[in-house]
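A.B. asks: below are the sequence and a predicted model for it; my questions follow.
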Amino acid sequence: MSGRDDDTQLIDAFLDALWLDQGASEHTLSAYRHDLQAWCACLTERGLALLEPGGETLPDWLEARRRAGYQLRSNARLLSSLRRFYRWALAQGMCDADPLTEVRLPRVHARLPDTLDEAEVERLLEAPDVETPLGLRDRAMLELLYACGLRVSELVGLRQDSVNLRQGVVRVRGKGDKERLVPMGEEAQRWIERYLRGGRGQLMDDIRQAPLFAGRRDGFMTRQTFWHRVKHYARLAGIDKPLSPHTLRHAFATHLLNHGANLRVVQLLLGHSDLSTTQIYTHVAQARLEALHAEHHPRG
């Protein structure tokens with residue numbers, strides 16, 4: 001078996017361990033595979049294998065990637081992936097030392113998430129034509145996404161039994177297969193009820209199927225399909241800001257904090273395991289407060 005085949009088997013074993021031990025998602029596993037395969041290709045060009053000492057190669061490669069246009073954040077994520085792989089290999093007794101011990105992570109400054117103000121969110125939510133089944137479905141999805149701060153993957157993965165209309169909560173399966181209950185609020189609940197009464201039955205051949213939000217052939221909608229819908233409605237609403245699949249999730253967190261919500265409550269609602277992940281939103285809220293102060297305070 002060639003060294004390249006050995007490296008492929010090593011990567012497969014590492015990804016299997018991530019999935020078994022931590023319930024890593026397909027998206028996460030794909031990102032790790034992409035990073036490790038790129039590193040393998042770099043080592044192969046230098047006649048090295050994945051478990052051979054190659055740490056001195058990495059700084060030059062990261063610099064070459066930077067010159068080729070890769071952002072510091074991309075290189076930092078890649079190095080984080082490699083570190084995790086070598087820590088796993090070391091724990092398995094596959095190598096005697098971490099070859100990247102002396103390699104330092106590039107400095108990455110925290111980037112404020114893209115978000116929308118409350119008026120822009122309102123325009124986006126009102127963009128779908130709710131007189132059509134598709135528009136009613138999309139309005140319900142947008143309302144629930146913003147009301148609960150869901151990830152897009154969580155939204156499109158919801159099942160019909162994920163929502164409890166009597167209690168006004170939605171059961172969300174997030175990263176690491178962890179479940180959380182999130183209150184959906186009266187407005188989102190009203191649109192979900194309206195969609196279930198009218199839109200869903202017209203979009204699905206068999207309403208006994210599991211997906212809450214109908215995709216093609218009664219199956220689950222893809223993240224990409226929903227994201228195309230969001231961009232379509234943003235154009236209709238006259239919103240020309242850069243958008244990301246997390247835009248309404250960011251808006252949810254930022255608006256809660258702007259209205260005085262406790263940071264730990266926002267952490268629980270978002271499903272963040274680490275409070276530091278949520279703290280980025282305090283910077284967004286602070287930036288908004290500073291802008292208001294500068295605009296309205298006599299000494300701003």
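C.D. replies: Looks like it came in fine. Numbering: from 1, shown residues only.
A.B. asks: wait, is Leu248 part of a helix?
C.D. replies: Yes - assigned with DSSP: H, G, I helix; E, B strand; the rest coil, Leu248 falls within a helix.
A.B. asks: pull the contacting residues for it.
C.D. replies: Contact analysis of Leu248 by C-beta atoms under 8 Å, 6 or more residues apart in numbering lists 116, 121, 124, 142, 145-146, 149, 230. Every residue, glycine included, has its C-beta placed from N, CA and C.
A.B. asks: Lys175 now?
C.D. replies: When contacts are taken as C-beta under 8 Å, 6+ apart, Lys175 is in contact with 25, 28, 151, 271, 273.
A.B. asks: could you dump these to a markdown table with neighbour count?
C.D. replies: As requested, the contacts of Lys175 are arranged in a markdown table below (neighbours: other C-beta atoms under 10 Å):
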| residue | neighbour count |
| --- | --- |
| Ser25 | 16 |
| Thr28 | 17 |
| Arg151 | 18 |
| Gly271 | 21 |
| Ser273 | 11 |
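A.B. asks: on that earlier part again, among the contacts of Leu248, which are located in helices?
C.D. replies: Cross-referencing these against helices under DSSP state H gives 121, 124, 142, 145-146, 230.
A.B. asks: out of the contacts of Lys175, flag the one nearest to Ser81.
C.D. replies: Thr28 (9.9 Å; C-beta to C-beta).
A.B. asks: I'd say that closest one and Leu15 touch.
C.D. replies: No - counting by C-beta atoms under 8 Å, no contact exists between Thr28 and Leu15, whose distance comes to 9.3 Å.
A.B. asks: quick one: which of the contacts of Leu248 is nearest Leu203?
C.D. replies: Leu142 (15.9 Å).
A.B. asks: burial count for that closest one?
C.D. replies: Burial measure for Leu142: 24 neighbouring residues, criterion other C-beta atoms under 10 Å.
A.B. asks: how about it, what does it touch?
C.D. replies: For Leu142, the set of contacting residues under the criterion of C-beta under 8 Å, 6+ apart consists of 124-125, 128, 230, 233, 248.
A.B. asks: where does Val172 land in three-state SS?
C.D. replies: Classified using three-state DSSP, Val172 is strand.
A.B. asks: who is it paired with across the strands?
C.D. replies: Partner residues in beta bridges with Val172: Arg180, with DSSP bridges as the criterion.
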